[in-house]
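[1] sequence? don't have it. structure:
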């Protein structure tokens, strides 16, 4: 399996510089706020979105004949700014997500709401959003900021849409695809296109990167939802959380689409019980596994991976294209 370290290799020096850039942007004098920010910044995970920003900036810069030297710092502050904007918007959204879901852990570590209560976590998420937008506006890189800022509203729309369908137990395939586009794929799409915007790439390249990021983001979330059904995944959170929260994701949708009306009603009734009844969780997981729900969802995920890879195939071979190709494979193969 391809490792995230392999993918990071061509931009390793830039990613290290970016980490220092990020710490400088989010320094705080107050002890509580400083402790909260330190915890959140040290729990950022794999940093997929900054990786995408930097790799797509390198890929589309190569198209524009800019000289890049592998292994050295090549990214401009404008690219670091783009990476910071998407990464911290994502970070704030996860803090708010954990409050909404009542989650105690995030990537195997205590969530902000578990450590400092939900009210403080909400304010922390708001603070990160405010600082992020302030840094963007003070940079005067208005084309870059305006390209990214609309994703905040899209993320919120996705969260509300998911809440509505979870409450109604009415999520169809088209509903699900709209939700995961808005909650996940939209920001990954923006990350990919923002990399191109940060180096002032041609409009066609910006659009190509947007399409690449959208396909990769759809695959990323579908794989996340598949892993939620796996007891052997290393996601840093308990398996079957989606069932306990009453969410209908693609593995279950694949099963529901094969059912008779009576069977569908029975399964949806079981889903309503999952919040308080672990036997209902075990039952639904068993049904999804036995009827091939996760395997069918994996086929859909692979179609999006193939779409993303085909877009990259239109670019000349380079270490940056290879790294993005490897990222596509990583998304499909990952178990965390």
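    Looks like it came in fine. These numbers were taken from a predicted model, which means no experiment stands behind them.
[2] tell me the contacts of residue 87?
    22, 44, 47, 49, 50 (C-beta atoms under 8 Å, 6 or more residues apart in numbering). From N, CA and C alone the C-beta is placed, and that goes for glycine too.
[3] try residue 239
    If a contact means C-beta under 8 Å, 6+ apart, then residue 239 has 228, 229, 230, 231, 233, 285 as its contacts.
[4] got it, and residue 314?
    By C-beta under 8 Å, 6+ apart, the residues touching residue 314 are residue 208.
[5] Can you classify it by secondary structure?
    coil (DSSP: H, G, I helix; E, B strand; the rest coil).
[6] Which SSE is immediately downstream of the helix or strand harbouring residue 191?
    Counting by DSSP states H and E, the element that carries residue 191 is helix 186-198. Following helix 186-198 in sequence order, the next helix or strand is helix 203-227 (DSSP H and E).
[7] Go through that following helix and flag the buried ones.
    Neighbour counts over helix 203-227 (16 or more other C-beta atoms under 10 Å) mark 205-206, 208-227 as buried.
[8] if you go through the stretch 151-300 of the chain in chain order, where are the helices?
    In the stretch 151-300 of the chain, the segments counted as helices under DSSP state H, counting those that start in this stretch are 173-180, 186-198, 203-227, 241-244, 250-256, 261-273, 278-290, 293-312.
[9] Tell me where the model's unsure across the chain.
    The model of the chain has pLDDT under 70 over residues 62-73, 232-237, 336.
[10] make it 50
    Across the chain, the ranges flagged by pLDDT under 50 are 65.
[11] Against the centre of it, work out the most remote residue.
    Largest separation from the mean C-alpha position in the chain: residue 262, at 35.7 Å (C-alpha atoms, centre = their mean).
[12] tell me the contacts of that one?
    By C-beta under 8 Å, 6+ apart, residue 262 has no neighbours at all.
[13] Ok, residue 300 next?
    Applying C-beta under 8 Å, 6+ apart to residue 300 gives the contacts 222, 250.
[14] And the helix holding residue 191, what does it pack against?
    Using 3 or more C-beta pairs under 8 Å, 6 or more residues apart in numbering; DSSP states H and E as the contact test, the elements touching helix 186-198 are helix 48-63, helix 77-101, helix 142-168, helix 203-227.
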